Each structure stands twice: as C-alpha cells, then as structure tokens.
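> Let me see the structure of the following:
(2 chains)
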Amino acid sequence: MVVKNCLLLCPVFVSAVSHSQITRLYSRFTSLDKGENGTLSREDFQRIPELAINPLGDRIINAFFPEGEDQVNFRGFMRTLAHFRPIEDNEKNKNPPTSEPLNSRTNKLLFAFRLYDLDRDDKISRDELLQVLRMMVGVNISDEQLGSIADRTIQEADTNGDNSISFSEFIKADDQRHERTWKHRLDTHIVTYVTAGVTNAGSTGTR
Amino acid sequence: MSLEEEIKEIRRSGSNKDLDAAPEFEMSDIFYFARRGVESIMDDEVTKRFSAEELESWNLLTRSNHNFHYISLRLTVLWGLGLLIRYGILLPLRVTLAFTGVGLLVFLTSIVGLFPNGRMKNFMSEKVHLMCYRICVRALTAIITYHDSENKPKNGGICVANHTSPIDVIILASDGCYAMVGQIHGGLMGVIQRSMVKACPHIWFERSEVKDRHLVAKRLSDHVEDKSKLPILIFPEGTCINNTSVMMFKKGSFEIRATVYPVAIKYDPRFGDAFWNSSKFGMVNYLLRMMSSWAIVCSVWYLPPMSREEGEDAVQFANRVKAAIARQGGLVDLLWDGGLKRGKVKDTFKEEQQKLYSKMLVGTQEDRSPVTNGPGIVRTAGL
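Okay, the predicted model is just below:
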C-alpha cells in the first residue's frame, strides 16, 4: 500500500525507478527501521558497518535528511536513492519523463556538490572544501599540504574570482575534465619545463 | 577493485589519457565514496546476517512469509491444514518429549554423580548424556546427516563450529560427548548445568570470571592437557549468525596449544529456520517456534583436524579454520565481527580507508616534486 501511494504522489519516481526496485527498497527500508515507526533516523544508517567505515559516511547520511529534520520517511529515502540509477535505464521507460529525471547528469552532480557544500548556501568555500578533504584523508596529510590542495582546486575551478565554487563552476569543471586532451597536458608541461630554466634538451626526447 | 583502482577509473572516464601524472586531487574523487556509501545503504554484507534468511519459495510457515500476499484459496487451505497439524499434533508430542529428555538428563546425571570417579562413571555418564540428547533431538524432529565421522573430535582437543542457535549444542552432543563451555545461568538452565557437571567435567564460568581472558584461557588449557577429559566444544563467533555466512572467529580458543577439530553445520531452511534472533525472540518463544516447524533438517561435516603451524599467529590460524568451515558448509566467509549485531564498528577500519586515500593523493605529489628536482621533471614530462 505504501508503495502504491508513493507511485501516485510522486510521478517523478515512475520514470526514475521501476516497480520491483521500489518493492525491494521498501523491504530494505523496513529492515533498517529498527524502531518500526516508518521513518529512519541517523542511527539507523550508522548501524550499517560498511557505511560507518566510509570516510564520508556522515555526509552521505546527511544527504537523506532535509534541512533541520532528523527523520526520513520512505518517500525521502527513495528520492535520494533515485539519483543513483544508471542514466541508460531511462531509455527503457515507455513514458518520457515530464521533468528532468532525478538521475540525470546534472542531478547527480548536484548530489555530489551538496556533499561538499556543508552549510547549504550553494557555494563551496575554501573552508568547506578543507573540511571535506580532512574527512577523506583523516590524519595522514598535514594542514599545509591539504591547504595547498584546496587552493589549487579552487584556483582551477573558480571563474568569477569569489574564491568559492558555485554549482555552475562545479559543472564546468566536470565538463573540462571530460574535454581535457593530450595536447592541453603537453602544453602545461612544456610551460613548466621552460620556466624552470632547465636546459637538458637531451631528456626532452620524443614525446 | 581496490580504492585506488576505482578512483583512477573515475578520473580516467573524464580524460583520455593514462593517469600517472594526474593532479593529486580531483573533485570527482568524491563520487567513489558516495557510490560505495549508497551501495551499502541499498544492500550490505553484514546486517542481513542477523535476521532470518529469506526463502525463494514459501514453505507454508507464516513466519517465513515476510511480505504477505494472498495468492490463492488452495494455498490458504493448505496452510491452514499445515497449521492444524503442526500446532495440534506435532507440537504437543514434541513438548512432551522435550520435558522427558530434560527431566531425565537432570535426574540421571545427578545419580551418576553419586558414583566415585573412574571408568565406570565415565562410561555411564557418556551413555546418559547421549541418550538424553537423542531424546531432545527427537523432540525437535531434527533430521541430521553426519558426514566424515572418522574425523570426530578426540579427547584433549577443541571442537569449533559455526553458531546458528543453541540447538547446535544438542545436535553435536547427540553424536559424541563434549565438555561444554559457558556462563552459569540462573533458573532452569542453571539447574541443568549444575547437574550435568556432576557426571562429567564441563567448564562453567561465573559471570564475573568471563571478562578475565587469562582465567578463561588457563581453565581451557588445563582441561585440554588432561587427556582423560572430553574435547571442549566452542563456538568462536560468539553469537548466533543466520547460517548464510561465517563471521569472524574470536582468537581466544586458537591461542591454546591443542588440536582443533572444525565442524561445519548447515541447516536446510525449507523445513524450519533454526536461526535464533535473540534481539527479537526470547529463548522460550524460540523453542516453541522450533517445535512448531515442520522439522529441523541439517548436515554436519566433521573436518580433518588442524593445528597451528610454525610462524602462524592465532588470528591467521582462526581465519584458516574459518575458511575451511565456510568452504565445506557452502557459507560466505566474512571478516566482519559477529559482535556488530549489537555493537558499533571500530574506528580503525575507517582510518584504514582514509590512509589508503591519502596515499593516493600524497603519492602522486611526491612524483610532482619541485621543478629543481631533475628526475621529477623527466618523469612527469615523459608521458
């Protein structure tokens, strides 16, 4: 019954996830719901050992909970998981989606963006990037090194000079990642080579 | 794939080139962690071991029917008939047998305890134990197939088995005599324990003694060294798992210098699910469910004895034994601790993940050393 209600209330789901997948996920939802009150709390997620050892486990869990809330119902659970369905599956659907499907590339990138954006102000500041980096590396990298990694990343992605990364800059950085070519990299390295003033021409050799 | 390989795969899908000179950090690295995290939310290897196994087709027991669907009238009638037979005929018979078995065990072991120690006493104790356990096996209608009985545990050894329910004890003890290990309980359980120990030496611990690892180890070694005493029966997982996998073996029993006799127990879930979900059901509830199933069908394999090899530590030995048991029983061999049923996972595992990722970032930074370093430049330039 819950499953049918979900399908009625939220047509977006119909395009993103199939009926049998919904049933499977509902079964999973109930097995995680130890309190049996129809919602999941953060503790319910943390009980999954493989998630608890994930360095970004807490950020991922947070993605399920809307601003300021501590419980997520099945609809919210499904909504977040629908982002991860492969894009190719959309072509198998008979009904064309009325609005952008949850698992489009843009929405997937938005999910990743929100993992970085700790205060949900639609910008990734240097501080936020540092904090997330720190979560991923633990105690194994010094503050200075981490700081320089963060600075370099923001430098590469920031186009409007506000020292933070907006969502459009984030998308563009991902676009550029796809377009980066051999020639571009070669150019970069020739520049480094020349400015270093090293003249051992023998080692340039063939490239 | 390892963490490093997967992240490289993600980075590679963006660019067209090999990545030995990749920048140390890409914002897309987060996709790896996000995907692994969401995968574990959708399904993980551990939490499903602590609840009953799901069956492919229904076995006419309501308890196995997780998502109730009304299918047909005929099936419901069959189910109703099954209900009548199980609760009306089988259950009362079995309960009577159970009471008989337990009662006889307590009574007869107390009588045997009156005899002086010696061969006669051991002989009678053996007979009494076997007989009572066999009555209990009938009480559960357990249909057991024992394989490779030539490997049965001998005196002075330790028998280890995978743990699914308290019934494991009855199943093993009806085919051979063991010295049990456990905590002394109160109530009926305590009465049974106290009378059993009169007939032959079992190892019961007070609750306070259980925490003291050295004391436990000492008592076990002392018992094992006395070759006239029976083999010890231990379940190294420390908790009941649902018989689809074998979880981490606690190393305590493997530190003692003794031959280990591994035993694999596999239940057939179609006739009745033997797994005891102790957070959901108490003991009495559990036994009633057992006695109102169709039957308990299981296979027991006695594996060849193993000993700790030179240069092998207790943990490696434990994992070797665990792998052998998992292989024989057709169970999944997991490294996760069964204690995760109730407790939290240790932070050291998360720290390992962080270390692996840091090595990826810092490692590449070493290649991209300052421009004055000759070899560094040649390497990055020599794409």
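
> which residue ranges form the strands in the stretch 151-300 of chain B?
Along the stretch 151-300 of chain B, counting by DSSP state E, counting those that start in this stretch, strands occupy B:158-161, B:179-183, B:203-205, B:232-234, B:245-246, B:260-268, B:296-302.

> check contacts around the closest residue to B:Leu233 other than its chain neighbours.
Among residues not flanking B:Leu233 along the chain, B:Tyr178 sits closest, at 3.9 Å (Cβ to Cβ, 6 or more residues apart in numbering or on different chains). The way it works is simple: take the backbone N, C-alpha and C, and place the C-beta from them, glycine included. By Cβ atoms under 8 Å, 6 or more residues apart in numbering or on different chains, the contact set of B:Tyr178 is B:153, B:159, B:172, B:230-233.

> hmm, try it at 6 Å
By Cβ atoms under 6 Å, 6 or more residues apart in numbering or on different chains, the contact set of B:Tyr178 is B:230-231, B:233.

> Got the domain ranges for chain A?
A:2-86, A:107-194 (automatic domain parsing).

> Please enumerate the helices of chain B.
B:3-12, B:30-42, B:73-84, B:91-113, B:119-139, B:167-173, B:187-199, B:207-210, B:213-225, B:252-255, B:283-291, B:314-329, B:347-367, B:374-381 (DSSP state H).

> could you dump these to JSON lines with mean neighbour count, distance to chain A and mean pLDDT?
Listed next are the helices of chain B as JSON lines, based on neighbours: other Cβ atoms under 10 Å in any protein chain shown; distance: least, Cβ to the nearest Cβ, whole Å; pLDDT from 0 to 100:
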{"stretch": "helix B:3-12", "mean neighbour count": "16", "distance to chain A": "8", "mean pLDDT": "73"}
{"stretch": "helix B:30-42", "mean neighbour count": "20", "distance to chain A": "4", "mean pLDDT": "87"}
{"stretch": "helix B:73-84", "mean neighbour count": "12", "distance to chain A": "20", "mean pLDDT": "84"}
{"stretch": "helix B:91-113", "mean neighbour count": "16", "distance to chain A": "28", "mean pLDDT": "89"}
{"stretch": "helix B:119-139", "mean neighbour count": "18", "distance to chain A": "32", "mean pLDDT": "88"}
{"stretch": "helix B:167-173", "mean neighbour count": "22", "distance to chain A": "24", "mean pLDDT": "89"}
{"stretch": "helix B:187-199", "mean neighbour count": "16", "distance to chain A": "28", "mean pLDDT": "83"}
{"stretch": "helix B:207-210", "mean neighbour count": "11", "distance to chain A": "25", "mean pLDDT": "78"}
{"stretch": "helix B:213-225", "mean neighbour count": "15", "distance to chain A": "24", "mean pLDDT": "84"}
{"stretch": "helix B:252-255", "mean neighbour count": "21", "distance to chain A": "22", "mean pLDDT": "83"}
{"stretch": "helix B:283-291", "mean neighbour count": "17", "distance to chain A": "18", "mean pLDDT": "83"}
{"stretch": "helix B:314-329", "mean neighbour count": "19", "distance to chain A": "18", "mean pLDDT": "91"}
{"stretch": "helix B:347-367", "mean neighbour count": "16", "distance to chain A": "3", "mean pLDDT": "76"}
{"stretch": "helix B:374-381", "mean neighbour count": "16", "distance to chain A": "5", "mean pLDDT": "32"}
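
> follow-up on the earlier one: will you turn the strands of the stretch 151-300 of chain B into a markdown table that also has mean pLDDT?
Listed next are those as a markdown table, based on pLDDT from 0 to 100:
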| stretch | mean pLDDT |
| --- | --- |
| strand B:158-161 | 92 |
| strand B:179-183 | 85 |
| strand B:203-205 | 85 |
| strand B:232-234 | 90 |
| strand B:245-246 | 89 |
| strand B:260-268 | 92 |
| strand B:296-302 | 91 |
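
> Mind putting the ones you listed into CSV with mean neighbour count?
Formatted as CSV, the strands of the stretch 151-300 of chain B follow (neighbours: other Cβ atoms under 10 Å in any protein chain shown):
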stretch, mean neighbour count
strand B:158-161, 26
strand B:179-183, 17
strand B:203-205, 17
strand B:232-234, 25
strand B:245-246, 24
strand B:260-268, 23
strand B:296-302, 21
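
> give me the residue from chain A nearest chain B.
For chain A and chain B, the shortest gap (Cβ to the nearest Cβ) falls at A:Gly138, measuring 3.1 Å.

> can you count the residues close to that residue?
Burial of A:Gly138 is recorded as 17 neighbouring residues (other Cβ atoms under 10 Å in any protein chain shown).

> what residue is smack in the middle of chain A?
A:Ala112 (1.6 Å; Cα atoms, centre = their mean).

> my read is that residue is in a helix, agree?
Yes: judged by DSSP: H, G, I helix; E, B strand; the rest coil, A:Ala112 forms part of a helix.

> That one: what's its closest spatial neighbour, skipping adjacent residues?
Distances taken as Cβ to Cβ, 6+ apart place B:Ile30 nearest to A:Ala112, at 5.4 Å, with adjacent residues excluded.

> correct me, but the one you found touches A:Phe111?
No: look at B:Ile30 against A:Phe111 with Cβ atoms under 6 Å: they stay out of range, at 9.7 Å.

> Quick check: phi and psi on A:Ser125?
Torsion angles at A:Ser125 (phi, psi; degrees, to the nearest 10) stand at phi -80, psi 170.

> Please name the bridge partners of it.
With beta bridges defined as DSSP bridges, A:Ser125 has these partners: A:Ser164.

> Report the contact partners of B:Tyr87.
Per Cβ under 6 Å, 6+ apart, neighbours of B:Tyr87: B:Ser292.

> For B:Leu78, see how far away it is.
Noted for B:Tyr87: a distance of 15 Å to B:Leu78, by Cβ to Cβ, to the nearest Å.

> Please apply the same query to B:Lys121.
B:Lys121 is 52 Å from B:Leu78, by Cβ to Cβ.

> next one: A:Val139
Where B:Leu78 is concerned, A:Val139 sits at a distance of 62 Å (Cβ to Cβ).

> do A:Asn73 as well
37 Å.

> Number of residues surrounding A:Gly38?
Each residue near A:Gly38 was counted by other Cβ under 10 Å, and the total is 12.

> would you turn the domains of chain A into JSON lines with mean pLDDT?
Shown next, in JSON lines, are the domains of chain A (pLDDT from 0 to 100):
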{"stretch": "domain A:2-86", "mean pLDDT": "80"}
{"stretch": "domain A:107-194", "mean pLDDT": "79"}
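
> For B:Asn59, which of those is the nearest?
domain A:2-86 (18.5 Å; Cβ to Cβ).

> ok now that closest one, how far from the chain's centre?
Distance of domain A:2-86 from the chain centroid (Cα atoms, centre = their mean, to the nearest Å) equals 16 Å.

> Please see if that domain touches chain B.
Yes: under the criterion of Cβ under 6 Å from any Cβ of the partner chain, chain B is reached by domain A:2-86 at A:48-57, A:60, A:84.

> between the residues you listed, which is nearest B:Val260?
When these are compared against B:Val260 (criterion: Cβ to Cβ), the nearest one is A:Pro49, at 27.6 Å.

> The closest one contacts B:Thr47, doesn't it?
No: the criterion here is Cβ under 6 Å, and A:Pro49 misses it with B:Thr47 at 7.6 Å.

> what touches both of those two?
With Cβ under 6 Å, 6+ apart, A:Pro49 and B:Thr47 have no common neighbours.

> Surely B:Pro231 is in contact with B:Cys159?
Yes: B:Pro231 lies in contact with B:Cys159 (Cβ under 6 Å); the separation is 5.2 Å.
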